[in-house]
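[1] just coords:
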């Protein structure tokens, strides 16, 4: 369902409800408006296709049927194998804390949303859209910058105040993924204990690819306080953490906008 669309000059902003959340696309390229419309249509068509294949809330999705043993992996769409192979690699990279079977059923959601957004942005670049921001429920990939600027500003939601931000990041050609307990409750499990992760309120990871950043943020949340030290070992990634007792920690290289320099855009 298309919820909102705005056009100004050679830019377009569209918001649609896909994957159970509002997803916003900001295209800011010197392209004809009808071309921007076509590009936006392609992005949301792709996201709806992914939702149809991977939604764990739809009993007839391929991932639901695969999890119930009604469908063989080789009979699934090729992207299913691609996602499951990457999730297996991420299980290894995170010491088993990113586990798509932790809840007792097959659920690659902690990777799929970021992967789908990243794929959409890669397709936009291939089609000539060099400046865009795609935000799926707080998991964001940006490329280039809005008109007249070299970076996008992405606000990271405050984990207790829904209308406030904890940080504003200034990024370009980068992924910003956040995993937390403040919207969906204690939904991330420690796969070694089976208990909900409770020590961290919010984990944000900034890196070059959104699916991986999303999985890393989920894994760190599952680790609890040990996730803080683990995040510091990730090469090519920056991070920010808010603990359940209210401490805010961030890596030195996190691209935080200095105070009083303006608001966020993402």
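    Yep, it's here. For clarity, every value in this text was computed on a predicted model and none was experimentally measured.

[2] alpha carbons only for contacts and neighbour counts from here, please
    Noted.

[3] measure the residue nearest to residue 226 when sequence neighbours are not counted to residue 230 for me?
    Setting aside the residues directly before and after it, residue 226 is nearest to residue 220 in space (Cα to Cα, 6 or more residues apart in numbering), at 7.7 Å. Applying Cα to Cα, to the nearest Å, the value for residue 220 to residue 230 is 7 Å.

[4] more crowded one of these two?
    Using other Cα atoms under 10 Å, the more surrounded residue of residue 220 and residue 230 is residue 220, with 28 against 14.

[5] State the mean pLDDT of the helix or strand harbouring the more buried one.
    Element membership for residue 220, per DSSP states H and E: helix 210-223. Across helix 210-223, the average pLDDT comes to 98.

[6] Which SSE is immediately downstream of that helix?
    Next along from helix 210-223, by DSSP H and E: helix 226-231.

[7] can you list the residues that contact that following helix?
    Residues outside helix 226-231 that contact it (Cα atoms under 8 Å, 6 or more residues apart in numbering): 219-221, 238-239, 241.

[8] hey, where'd the strands end up in the stretch 1-150 of the chain?
    Ranges of strands in the stretch 1-150 of the chain, per DSSP state E, counting those that start in this stretch, are 2-8, 11-18, 21-28, 132-136, 139-143.

[9] who are the neighbours in contact with the closest residue to residue 135 other than its chain neighbours?
    Spatial nearest neighbour of residue 135, chain neighbours left out: residue 24 (5.2 Å); criterion: Cα to Cα, 6+ apart. The contact partners of residue 24, by Cα under 8 Å, 6+ apart, come to 13-16, 133-136.

[10] Ends of stretch 167-177, what's the gap?
    Length of stretch 167-177, first residue to last, Cα to Cα: 13 Å.

[11] and if you look at stretch 223-232?
    End-to-end for stretch 223-232, by Cα to Cα: 13 Å.

[12] can you check stretch 122-135 too?
    By Cα to Cα, the extent of stretch 122-135 from end to end equals 14 Å.

[13] Pull the contacting residues for residue 224.
    Neighbouring residues of residue 224 by Cα under 8 Å, 6+ apart: 197-200.

[14] switch to 6 Å and redo it
    Residue 224 sits next to 199-200 when contact means Cα atoms under 6 Å, 6 or more residues apart in numbering.

[15] Would you mind measuring from it to residue 140?
    23 Å.

[16] swap in residue 56?
    In terms of Cα to Cα, residue 56 sits 22 Å off from residue 140.

[17] the more surrounded of these two?
    Higher neighbour count among residue 56 and residue 140: residue 140, with 26 against 20, using other Cα under 10 Å.

[18] what is that one paired to in the beta sheet?
    Per DSSP bridges, the residues bridged to residue 140 are residue 135, residue 176.

[19] That one against residue 173, yeah?
    No. Judged on Cα atoms under 6 Å, residue 140 makes no contact with residue 173 at a distance of 10.6 Å.

[20] what's the burial count for the closest residue to residue 23 other than its chain neighbours?
    Using Cα to Cα, 6+ apart and skipping residues adjacent in sequence, the residue nearest residue 23 is residue 136, 4.6 Å away. Residues contacting residue 136 under the criterion other Cα under 10 Å number 24.

[21] What of residue 184?
    Look at residue 184: counted by other Cα under 10 Å, it has 9 neighbours.

[22] got it, and the one 4 residues further on?
    Per other Cα under 10 Å, the neighbour tally for residue 188 reads 24.

[23] Likewise for residue 253?
    11.

[24] Just the pLDDT at it, thanks.
    At residue 253, the pLDDT value in this model is 96.

[25] Same check on residue 162?
    86.

[26] neighbours around it, how many?
    By the criterion of other Cα under 10 Å, residue 162 has 10 neighbours.

[27] returning to that earlier point: highest neighbour count among the contacts of residue 24?
    Neighbour max across these (other Cα under 10 Å) = residue 133, 30 neighbours.

[28] right, and it touches residue 142 too?
    Yes. Between residue 133 and residue 142 there is a contact at 4.3 Å, judged by Cα under 6 Å.

[29] residue boundaries of the helices in this structure?
    Counting by DSSP state H, the chain has these helices, from start to end: 33-54, 62-67, 78-93, 109-126, 210-223, 226-231.
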